[in-house]
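1. okay, here's the prediction I keep looking at, along with the sequence it came from:
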2 protein chains.
Amino acid sequence: MYVTIYHIAEKASVSIATVSRVLNDNPRVAPETRERVLSVAAELGYQPHSVAQNLARRQSNLVSVVVPAMSSHFFMEVLRGIQDALAASGHDVLVHLAKTRSEGVVQLDRALRRGRSAGILIVSTPFLSSLVERLGRAKQAVVLVDCEHPGFNSISVDNKRGGFLAVDHLLDVGCRKIALLMASRSSTPSSDRHAGYVEALASRDMPVDENLVAVCDGEQDGFTESAGFDAMQRLLQHGARPDGVFATSDVQAIGVLRALRDAGLDVPGDVKVVGFDDMPLIRYAEISTMQQPMYRLGSLGAARLLEQLANPDLPIENSVHAPELIPRSTTVPVEAVIA
Amino acid sequence: MYVTIYHIAEKASVSIATVSRVLNDNPRVAPETRERVLSVAAELGYQPHSVAQNLARRQSNLVSVVVPAMSSHFFMEVLRGIQDALAASGHDVLVHLAKTRSEGVVQLDRALRRGRSAGILIVSTPFLSSLVERLGRAKQAVVLVDCEHPGFNSISVDNKRGGFLAVDHLLDVGCRKIALLMASRSSTPSSDRHAGYVEALASRDMPVDENLVAVCDGEQDGFTESAGFDAMQRLLQHGARPDGVFATSDVQAIGVLRALRDAGLDVPGDVKVVGFDDMPLIRYAEISTMQQPMYRLGSLGAARLLEQLANPDLPIENSVHAPELIPRSTTVPVEAVIA
DNA sequence: GTGAAAGCGCTAACAG
DNA sequence: CTGTTAGCGCTTTCAC
């Protein structure tokens, strides 16, 4: 059988209370006693039983993370950020991958089970009423990452600003007919980026041409290369001839590039392209993009959760992070291309 | 405070033992009693406290998964497979992302903590002696996924066979000078695929030309697009002029395509290319590849772990799965291209 | 069929 | 500074 604090207590000739104190760095222990207990513990190869600890402490050292089961770089990075931020406080990460929205609700229910976790992080999940209702009932600490809702703490990305900056950049490099390739209308990030697109055009007194706006459909809310390809091709077939394209994600931008090249158009000569995310594959492909602080979103979310756990009365706060423009070859100004 | 079995017991006028029996589907309970308890439980909105259950049962409903923190589709799919296979038995997934090998050891230590999890799944992790040693000490149920070691159960991919099939396919479609673009030599999957390459050539009495073998370096063991690009470019610069390329991963293949096109070579006209993995982005790019049953690896691994938990005396078993060739446009036979 | 009672391994008052 | 003693919430003999 495993070694428990009783074994240590016996061998070190102290009570289990003292052993527990030593193990929990309680200062009210004599130095020699501490030494002795520690050495016996080491000698016996003692490992605390976290389940028993959790039960006695009436707390959990687990944090549940509900995250879309999409294979993107984004979620891996967010998860890494979460794990790293949690590591120091001894918390481990319980993942709940959700492939669809309804699965998200099921996973949340699993995550919500009593005693399960100290808190919950919900990543990139659109806020359905069923979720809010469940979260309200269970008075658990919750932090939203890459999504928001007035009732909860959140760490989010200013997608509208991101869209604005992307389009503003296209305008700066000389584009005058800018197409928008957005994901499903039900995706909040995508519609926010759309709003940024509209705002950027408005800021230069340019009209929004609805014929230059294409919506990507399909799985993963249209955030796929093939959806980007199809939408771009549709746009071109309808006679649209943009000189700039803002795609609401890098994977879509890859599809856009492919469609443009298939149509014999040169990038950035004929058309300039900006994506969103800054995924590594794209980084290499030299696509200009809006960088999202993925790892940071995760680590900030986890840190916020920890704070909230330590001080439950903290007011609700939404920390918004602006994506940053990373200009690369797909938006090199025309003069530079000619030269 | 939360509702416990004591509350149910009181309200249903039974003992907590009976409540526990009902909740655990113990048949030794009178039907009416069962009814009553169940309805009170539902009325009170009772939720079992899994930590307390785990402590009392001396078991855990958590499974730890140590997995590389790489952003590939592969790991997301494996995780999904694991989660889904575990869901029915009520197990949840504790992830331990490891960015480097040494981090893998640290994460394993976390996973190994006593009482933590019912078992451990180790995904795509090369077997260092430090790992084996730790796993030996902790007599936990362990299943390796996408890696193997004689001392443990494993679900793995026949990478050598995969390499063989890929190269065999290139030979079938007319290639005679086939280059191999492999990842770091310390990567087992990569060297196994290399072995398959050698075997496929040998099976047709063709020599292995070392000038046609390039090793990708860099992060993630060289499994990146840029490493593939660099290696391919190096190969071409050294005067190699293959008519077929087998890249040990799809991301590398993407880099290969880019390098080939930059060099003015046509695919599949001048050079044919086969990758490995079948990631979605690549699926769209129409690259021929070796499909790996990722989701299945995960679910089989989890299922194996569950079996082992149920019956600890099961003999060690390594279930090997062959990847399947998915021929696409990058290996269309020459005649077809001309026609 | 049901209840009393003894844990699971640890923490946390409360005394001393 | 240290030990005694209740629990944490649930499971599980062992009697009845």
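-> Looks like it came in fine.
2. which SS class is A:V245?
-> strand (DSSP: H, G, I helix; E, B strand; the rest coil).
3. that one contacts A:D270, doesn't it?
-> No - judged on CB atoms under 8 Å, A:V245 makes no contact with A:D270 at a distance of 10.8 Å. Just so you know, the C-beta spots here come from the backbone N, C-alpha and C atoms, and that holds for glycine as well.
4. okay, those two: which has more neighbours?
-> Of the pair A:V245 and A:D270, A:V245 is the one with more neighbours under other CB atoms under 10 Å in any protein chain shown, namely 31 against 15.
5. what's the pLDDT at A:I338?
-> What the model reports as pLDDT for A:I338 is 48.
6. how about the residues of chain A by DNA strand C?
-> Contact residues, chain A versus DNA strand C (CB under 7 Å from any atom of the strand): A:1-2, A:4-6, A:16-17, A:20, A:23-24, A:46, A:48-49, A:52-53, A:55-57.
7. cutoff 10 Å now
-> Within chain A, the residues that sit near DNA strand C (CB under 10 Å from any atom of the strand) are A:1-9, A:15-24, A:26, A:28, A:41, A:46-59.
8. show me the residues you listed that map onto helices.
-> The members of the residues of chain A next to DNA strand C that map onto helices under DSSP state H are A:5-9, A:16-23, A:41, A:50-57.
9. show me what contacts the closest residue to A:P189 other than its chain neighbours?
-> Closest residue to A:P189 apart from its sequence neighbours, by CB to CB, 6 or more residues apart in numbering or on different chains: A:N159 at 4.8 Å. Applying CB atoms under 8 Å, 6 or more residues apart in numbering or on different chains, we find A:N159 in contact with A:T188, A:P189, A:S190, A:D192, A:R193, A:G196, A:P323.
10. alpha carbons of the helix or strand containing the fifth one, as CSV, please.
-> In this case it means A:R193. According to DSSP states H and E, A:R193 maps onto helix A:188-203. Output of helix A:188-203 as CSV, limited to C-alpha atoms (Å, rounded to 0.1, in the frame of the first residue of the first chain):
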residue,chain,number,x,y,z
THR,A,188,-19.1,36.8,-33.0
PRO,A,189,-15.4,37.2,-33.8
SER,A,190,-16.2,37.2,-37.5
SER,A,191,-19.0,39.8,-37.3
ASP,A,192,-16.9,42.0,-35.0
ARG,A,193,-14.2,42.0,-37.6
HIS,A,194,-16.8,42.8,-40.2
ALA,A,195,-17.8,45.8,-38.1
GLY,A,196,-14.2,46.9,-38.1
TYR,A,197,-14.1,46.6,-41.9
VAL,A,198,-17.1,48.8,-42.2
GLU,A,199,-15.7,51.3,-39.8
ALA,A,200,-12.3,51.5,-41.5
LEU,A,201,-14.0,52.2,-44.8
ALA,A,202,-16.3,54.8,-43.2
SER,A,203,-13.3,56.5,-41.6
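11. send over stretch A:237-252 as PDB, restricted to the C-alpha atoms.
-> Only the C-alpha atoms of stretch A:237-252 are listed here, as PDB (Å, rounded to 0.1, in the frame of the first residue of the first chain):
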ATOM      1  CA  GLN A 237     -17.200  34.600 -60.600                       C
ATOM      2  CA  HIS A 238     -19.800  37.300 -59.700                       C
ATOM      3  CA  GLY A 239     -17.600  39.800 -61.400                       C
ATOM      4  CA  ALA A 240     -16.100  41.300 -58.300                       C
ATOM      5  CA  ARG A 241     -12.600  42.500 -58.900                       C
ATOM      6  CA  PRO A 242     -11.200  43.700 -55.600                       C
ATOM      7  CA  ASP A 243      -7.700  45.000 -55.200                       C
ATOM      8  CA  GLY A 244      -7.500  44.000 -51.600                       C
ATOM      9  CA  VAL A 245      -9.000  41.200 -49.500                       C
ATOM     10  CA  PHE A 246      -9.400  41.000 -45.700                       C
ATOM     11  CA  ALA A 247     -10.000  37.400 -44.700                       C
ATOM     12  CA  THR A 248     -11.200  36.900 -41.100                       C
ATOM     13  CA  SER A 249      -8.700  34.100 -40.500                       C
ATOM     14  CA  ASP A 250      -5.400  32.900 -41.900                       C
ATOM     15  CA  VAL A 251      -6.800  29.600 -43.000                       C
ATOM     16  CA  GLN A 252      -9.400  31.300 -45.000                       C
END
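12. let me know whether it sits next to chain B.
-> Yes - applying CB under 8 Å from any CB of the partner chain, one finds stretch A:237-252 touching chain B at A:V251.
13. show me what counts as buried in that stretch.
-> A:A240, A:P242, A:D243, A:G244, A:V245, A:F246, A:A247, A:T248, A:S249, A:D250, A:V251, A:Q252 (16 or more other CB atoms under 10 Å in any protein chain shown).
14. hey, where'd the strands end up in the stretch 51-200 of chain A?
-> A:62-68, A:92-98, A:119-123, A:141-145, A:153-157, A:178-182 (DSSP state E, counting those that start in this stretch).
15. could you dump those to TSV with mean neighbour count and distance to chain B?
-> Formatted as TSV, the strands of the stretch 51-200 of chain A follow (neighbours: other CB atoms under 10 Å in any protein chain shown; distance: least, CB to the nearest CB, whole Å):
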stretch	mean neighbour count	distance to chain B
strand A:62-68	27	7
strand A:92-98	24	5
strand A:119-123	25	13
strand A:141-145	26	15
strand A:153-157	24	18
strand A:178-182	28	16
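16. go through those strands and name the closest to A:V37.
-> Smallest distance to A:V37 across these (CB to CB): 26.0 Å, for strand A:92-98.
17. so what touches the closest one?
-> Against strand A:92-98 from outside (CB under 8 Å, 6+ apart): A:61-69, A:79, A:82-83, A:86, A:104, A:106-108, A:110-111, A:116-117, A:125, B:62, B:76, B:79-80, B:83, B:92-96, B:110, B:116.
18. swap in 6 Å and give it another go.
-> By CB atoms under 6 Å, 6 or more residues apart in numbering or on different chains, the surrounding residues in contact with strand A:92-98 are A:62-66, A:68-69, A:83, A:104, A:107, A:110-111, A:117, B:80, B:83, B:92-95.
19. and what of stretch A:12-23?
-> Counting by CB under 6 Å, 6+ apart, A:I5, A:Y6, A:I8, A:A9, A:V29, A:R34, A:R36, A:V37, A:V40 sit against stretch A:12-23.
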